[in-house]
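1. Need a 3D model of the sequence below.
(one chain, ligands or ions: 1)
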Amino acid sequence: MKNPFRPKKPLAELHFHLGQSVEPHILWSIAHEQGIKLPHKDYWEFYDLVTLNKENVTWEDYHKLFHWTELIQSSPVSMERTVYEVVSGAYRVNNITLLEPGFNPMFRNRAGERDLDQIILAALRGMERALIEFPQVRAGLIFMLDRRLPYEQNEIVVRKAIKYRGRGVLGIDIAGPLGEGFKYEDYSRLYKEAQDAGLKTTVHTGEDGTAEEMAHVMSVLSLNRLNHGFKAYSSPKLLEEIRKKDLTLCLCPTSSLRLNFFENIDHMREVTQTLWKSGVKFCMNTDNPSMLRTNLAKEIALMRDNDILTEEQIDQTIQWAFDATFMNKTNESNLYL
Ligand SMILES: [Zn+2]
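-> Numbering: from 1, shown residues only. Sure, this is the predicted structure:
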């Protein structure tokens, strides 16, 4: 008899952050293993510290939550376990057979105290361990740049991504709240250089910003995919541009709802259906599954249960996620199939 708990359809997930993807009890265990002094002795207080459990969350509150998860993950041993747990857990819980987690190595080195190469190699080891145990899975890492970091530090992240391209690093992304002096145009050359070196590129845009800002980002960065990007729904011209460039939007419904970028479910339905009618490709993702207490199956159920997408439309978005992968024959990481 088939195990009733085994999820049916294979799924792909392209937009989620390692820092907020590790279950609280595993983070708790890693923190103790590392001898990190936590602000709480009680597990449930720690649980509240690393999950989003308040009703009205500000953009600033949200980014403060990253502090503890990033600190706990800031060593080679914890990075190896983090990536291993995320990749293997995604397959066991949601039948995710293709996944591309993102993280910023600069936020895992305790401000330069740890060696970046050791952190990156540990992350790759964790991924390899998961892939050898679950050979049905394909995975690769995306290195995140941050809008709060100076250009020089972001440039180092890109150099490392290029260096480890053949080892399972697939591409680069930019995220984080807007820092002083940050300008997308400063990154045009670096994005082009990454693509010329065989990496793929995406960026967080069209979530907290406006459609105009998104149009600007798309005009100065050479892109292969977009994270969020739903603000384009208000601009037929921008939707046309996304379609012409064949960019897939990696949406995160719960994340955008909790952060009030969607006013409510009705607003989310209107946006999603406008995107569908425009012919722009999009897929569902979790962004920060552990922090938001969600997973990919729940995100898909949210679409289904609120009549946002039909079953056929959902199947199409799952296919679009597989089609938009950054993996190809030259950077394929799973050698165990
Ligand atoms: Zn994100």
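2. What are the buried residues along stretch 205-215?
-> Under the neighbour-count criterion of 16 or more other CB atoms under 10 Å, stretch 205-215 has 205-207, 209, 211, 214-215 buried. For glycine as for every other residue, the C-beta is placed from the backbone atoms N, C-alpha and C.
3. Please apply the same query to stretch 267-279.
-> Using 16+ other CB under 10 Å, the residues of stretch 267-279 that count as buried are 268-269, 271-272, 274-276, 278.
4. ok, now stretch 220-227?
-> Judged by neighbour count (16+ other CB under 10 Å), stretch 220-227 contains these buried residues: 221, 223-227.
5. For residue 202, grab phi and psi.
-> phi -140, psi 180 (degrees, to the nearest 10).
6. re the thing from before, could you dump the buried residues of stretch 220-227 into a markdown table with distance to residue 323 added?
-> Rendered in a markdown table, the data for the buried residues of stretch 220-227 read as follows (distance: CB to CB, whole Å):
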| residue | distance to residue 323 |
| --- | --- |
| 221 | 21 |
| 223 | 16 |
| 224 | 12 |
| 225 | 11 |
| 226 | 14 |
| 227 | 16 |
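7. Reformat these as JSON lines; add pLDDT.
-> Converted to JSON lines, the buried residues of stretch 220-227 look like this (pLDDT from 0 to 100):
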{"residue": "221", "pLDDT": "98"}
{"residue": "223", "pLDDT": "98"}
{"residue": "224", "pLDDT": "98"}
{"residue": "225", "pLDDT": "98"}
{"residue": "226", "pLDDT": "98"}
{"residue": "227", "pLDDT": "98"}
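8. Just name the closest of these to residue 123, please.
-> Using CB to CB, residue 227 is the member of the buried residues of stretch 220-227 that sits closest to residue 123, with 19.6 Å.
9. From the contact counts, what lies against the one helix or strand that closest one maps to?
-> Residue 227 is part of strand 226-228 when elements are defined by DSSP states H and E. In this structure, strand 226-228 packs against strand 204-205, strand 249-251, with contacts taken as 3 or more CB pairs under 8 Å, 6 or more residues apart in numbering; DSSP states H and E.
10. Where does pLDDT dip in this structure?
-> Within the chain, the set of residues satisfying pLDDT under 70 comprises 1-7, 56, 329-337.
11. can you pull out the strands in it?
-> Along the chain, the stretches classed as strands by DSSP state E are 11-13, 96-99, 102-103, 138-139, 141-146, 169-175, 200-201, 204-205, 226-228, 249-251, 282-284.
12. so how far is the third one off the chain centroid?
-> A distance of 6 Å separates the centroid of the chain from that of strand 102-103, by CA atoms, centre = their mean, to the nearest Å.
13. I would like the residues contacting it, please.
-> 15-19, 73, 123, 141-144, 173, 175 (CB atoms under 8 Å, 6 or more residues apart in numbering).
14. Residue 162: which of those is nearest?
-> Nearest to residue 162 among the contacts of strand 102-103, counting by CB to CB, is residue 143 at 9.6 Å.
15. and the gap between the closest one and residue 267?
-> In this structure, residue 143 lies at 33 Å from residue 267, with CB to CB, to the nearest Å as the measure.
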